[in-house]
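Undergrad: give me coordinates for this.
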Amino acid sequence: MRVTVGPPILMINHGSTFMSTDLGGEINPHSHLGIFADDTRFLSNYSCYIDGHPWIRLTSATTTYYAARVYLINPEFTCRRGKVTQGDLSLIISRTVEEGIHEDLDITNNACQAVTFNLEIALASDFADIFEVESQEYVRRGHIETKWCEKEHQLETRYTNGSFSRCLIYKPCNFTSRPYYANGRITFEISLEPSQTWHTCCKYNLIDHERVREAVDFCYQEMVESKSINTEIERLHCQWRDSVTTIVCGNEDVVRLYRQSIEDLGSLRLYDYDFGPDIWLPAAGVPKFVALFGRDSLIISLQNMIVHPGFARGALQKLGELQATELDEWRDAQPGKILHEVRQGELAYFAKVPHTPYYGTADATSLFLITLHETWKWLGDNSLLQNNRDIVLRCLEWIDNYGDLDGDGFQEYQMQSPGGIENQGWKDSAQAVVYPDGSQVKAPKALCELQGYVFDAWMRMAEVFDVLGEGSFAHELRTKASQLQVRFEEHFWSEDLDCYVFALDPDKQPVRSLTSNAGHCLWSGIASPERAARVVKRLMQPDMWSGWGIRTLSTKNAAYNPYSYHLGSIWPHDNGIIAMGFKRYGFTQEVAQIAHGIFDASKYFASYRLPELFAGTQRQPGAFPVPYIEANVPQGWAAASVFHLIQAILGLQADAPHQLLYVDPHLPPWLPEIELQQVEIGNSRVDLQFWRHGEVTHWDAVVKSGEVEVKQQSYFRRNF
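TA: Predicted structure coming up:
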């Protein structure tokens, strides 16, 4: 079986443009479906009729991330030549997305007699902001005008609100039947002899002020047959596929999951933010998060190190450019802070929401420093450090001056903006931070993982400033990290919980809820080895371990709900980070257990596409993963979680500045062999082969280009 997420839909996307329809290719105006770009819904209603009757869907599918096809037949109806039997006519709707949407309509007469009929297409645009579509609460602020341009044979629908404007141009072309427009419908009068076919192309061009996102002239068949033409979309995607690490493995499920994750990451590329052919960053996810994010882009970059470390350059460059420079309560901004999210829709344009950018995240600033260091370790490019030195210093100043709200040495957050986000860790839903009795924790909140991120950032930046020749500052950072580690153990450890607590509340009292956040403290290295062992054991108990993955919240918490967003669900990226933490402290069997759970779950999802999250229900015979109904698919850090899990199993750590790559592989019985080809480390490429013989994992490395030495060393010993 294959589990789909939410109501079945067809979703195609490329860059910041995407189209979602029902399985019949239609768009209900009261749904979340439509054509979207720049956080605006350009098309909110689409229906197709034959002489006023809806077509009957046979089947449909997305054939690649940027293309979909729908097969339909006619219902029984009476035309001017008489009765037409159901199925005498077939309609194929094919769509591809690049900047705009290209649509092909192909009708065939399969009857023994000629048929004359009207093909009618109903279109409407509400130009709703993405936040309004999500909430289903609309406020009409501007004016919509629709006009049919007879000479050009195109329908123009324009929205204007002061200086804000959007326009959708729907243009039939290459038609043999002239289109007409009336009563909100475009009509083609069609007559077909037996076996005769009819074809037209329809282009959806999206206009944002002066920018035109124009649909390509190529039809569906030309687009999907990439050998026939050199389309921009296929060229860019091939460039991505050719640059990444490939996998060879006898476990076909792992191969399919890995390859689908590569496809998903390539499909999420935000081309508007490209700095060069290989300097780019992804959207967080489709459909809700087709935008630039701080935390998401940085975590995805970290996950991609074994796949393509250069991936991180775009995130670092753009987030560095948009680093906050002033205090702005409306946007939760303070000098040195790394942003949370950028939006470009009408609400952001008129500052009805603070996402211009919005800086309400407590972890992106530390994660920026962690990602910068890790990227340097994989690329060996010292210019990264020098070019980002001033940004780094501002990040460090923010951590000291604004991340620590009350000067107690811990990182806390508290929303200032009336339009902001209450919870500003990675669990950022409004109800995510709870006491054991399920009640809400008030701000300011000092989450456990925030302390770990800062500890890790300080330790990594100490190494950076040693390289930059600023040893005294490096020593200062290590001293601060050491002092934080002592304070953390004193205030965040709970003997009763046998784990680190979720957070400290406004009174600096521990929030003794058992959550997955404690696993992030192992990833950062702030946990002592002795207590790390207890955390591993505790997180693998049945109230946290579901069989598919580690839950976000213990089943013993009063607020536990397996179908919620953050109160007991399972997030693949969360489990990947935790697995990296387990590996750091040498718990290889538990790493394999987490990977096995997530990999097994992926087998049930359509196309092996891991969703943003799924329910924390218990794995048992006859059960399968239950999706969260509004999960994003594809979603960047869910797709890339497989890379973290493989990295944890193989124990890959880079030291490109010294032309070294370390391995510490421990293959489980369900993964007896695996090969990574063309792993990029510095200016070198290396093939890595791992195989299990008895209980022992063996490995071999072949340097394909450049100079790099591959060594085996305990992951734990390298970090402690």
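
Undergrad: going forward, measure contacts between C-alpha atoms and count neighbours the same way
TA: Noted.

Undergrad: can I assume Phe36 sits in a strand?
TA: Yes: counting by DSSP: H, G, I helix; E, B strand; the rest coil, Phe36 falls inside a strand.

Undergrad: which residues touch it?
TA: Listed by CA atoms under 8 Å, 6 or more residues apart in numbering, the contact partners of Phe36 are 16-19, 42-43.

Undergrad: how near is it to Ile101?
TA: Per CA to CA, to the nearest Å, Phe36 is found 10 Å from Ile101.

Undergrad: before we move on, the earlier item: quick check: the two most widely separated of the contacts of Phe36?
TA: Greatest spacing in the contacts of Phe36, by CA to CA: Ser16 and Leu43 (14.8 Å).

Undergrad: separation between Gly25 and Arg95?
TA: 9 Å.

Undergrad: could you do Asp408 as well?
TA: From Asp408 across to Arg95, the span is 57 Å (CA to CA).

Undergrad: mind listing what the lengthiest strand in the chain pairs with, with the direction of each?
TA: When the chain is parsed with DSSP state E, its longest strand is strand 197-208. Paired neighbours of strand 197-208 in the sheet (DSSP bridges): strand 101-109 (antiparallel), strand 164-173 (antiparallel), strand 211-213 (antiparallel).

Undergrad: buried ones in the second one?
TA: Buried positions in strand 164-173, judged by neighbour count with 16 or more other CA atoms under 10 Å: 165-173.

Undergrad: and the helices in the stretch 401-550 of the chain?
TA: Ranges of helices within the stretch 401-550 of the chain are 448-467, 471-492, 517-524, 529-539, based on DSSP state H, counting those that start in this stretch.

Undergrad: and the contacts of the last one?
TA: What it means is helix 529-539. The contact list for helix 529-539, computed with CA under 8 Å, 6+ apart, reads 498-500, 516, 518-519, 522, 544-545, 550, 582, 585, 587, 590.

Undergrad: quick check: the gap between the residue positioned nearest the centre of the chain and Gly403.
TA: With distances taken as CA atoms, centre = their mean, Gly636 lies nearest the centre of the chain, 2.4 Å away. Using CA to CA, one gets 27 Å for the distance from Gly636 to Gly403.

Undergrad: next one: Arg551
TA: 27 Å.

Undergrad: now swap in Phe42 and tell me
TA: Taken as CA to CA, the span from Phe42 to Gly403 is 39 Å.

Undergrad: what sits against the nearest residue to Leu660 once chain neighbours are set aside?
TA: Using CA to CA, 6 or more residues apart in numbering and skipping residues adjacent in sequence, the residue nearest Leu660 is Glu709, 4.9 Å away. Contact partners of Glu709, counting by CA under 8 Å, 6+ apart, are 659-661.

Undergrad: any chance of the residues you listed in TSV, plus secondary structure?
TA: Below are these laid out as TSV (three-state DSSP):
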residue	secondary structure
Gln659	coil
Leu660	strand
Leu661	strand
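
Undergrad: closest one to Ala122 out of these, please.
TA: Taking CA to CA as the measure, Leu661 is the one of the contacts of Glu709 closest to Ala122, at 58.7 Å.

Undergrad: doesn't Asp655 make contact with that closest one?
TA: Yes: Leu661 lies in contact with Asp655 (CA atoms under 8 Å); the separation is 5.9 Å.

Undergrad: would you map the helices across the stretch 1-150 of the chain?
TA: Using DSSP H, counting those that start in this stretch, helices in the stretch 1-150 of the chain cover 130-135.

Undergrad: out of the helices of the stretch 401-550 of the chain, flag the one nearest Tyr181.
TA: The minimum distance between Tyr181 and these falls on helix 517-524, with 56.9 Å, by CA to CA.

Undergrad: dump the C-alpha coordinates for the closest one into PDB.
TA: Extracted in PDB, the C-alpha atoms of helix 517-524 (Å, rounded to 0.1, in the frame of the first residue of the first chain):
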ATOM      1  CA  ASN A 517      14.600  18.100  22.200                       C
ATOM      2  CA  ALA A 518      16.900  16.400  24.700                       C
ATOM      3  CA  GLY A 519      18.300  14.400  21.700                       C
ATOM      4  CA  HIS A 520      19.500  17.700  20.100                       C
ATOM      5  CA  CYS A 521      21.600  18.200  23.200                       C
ATOM      6  CA  LEU A 522      23.500  15.100  22.300                       C
ATOM      7  CA  TRP A 523      23.900  16.400  18.700                       C
ATOM      8  CA  SER A 524      25.500  19.600  20.000                       C
END
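
Undergrad: quick one: that helix to helix 448-467, angle?
TA: Between helix 517-524 and helix 448-467, the angle comes out at 10 degrees (axes from the mean of the first three to the mean of the last three CA atoms, to 10 degrees).
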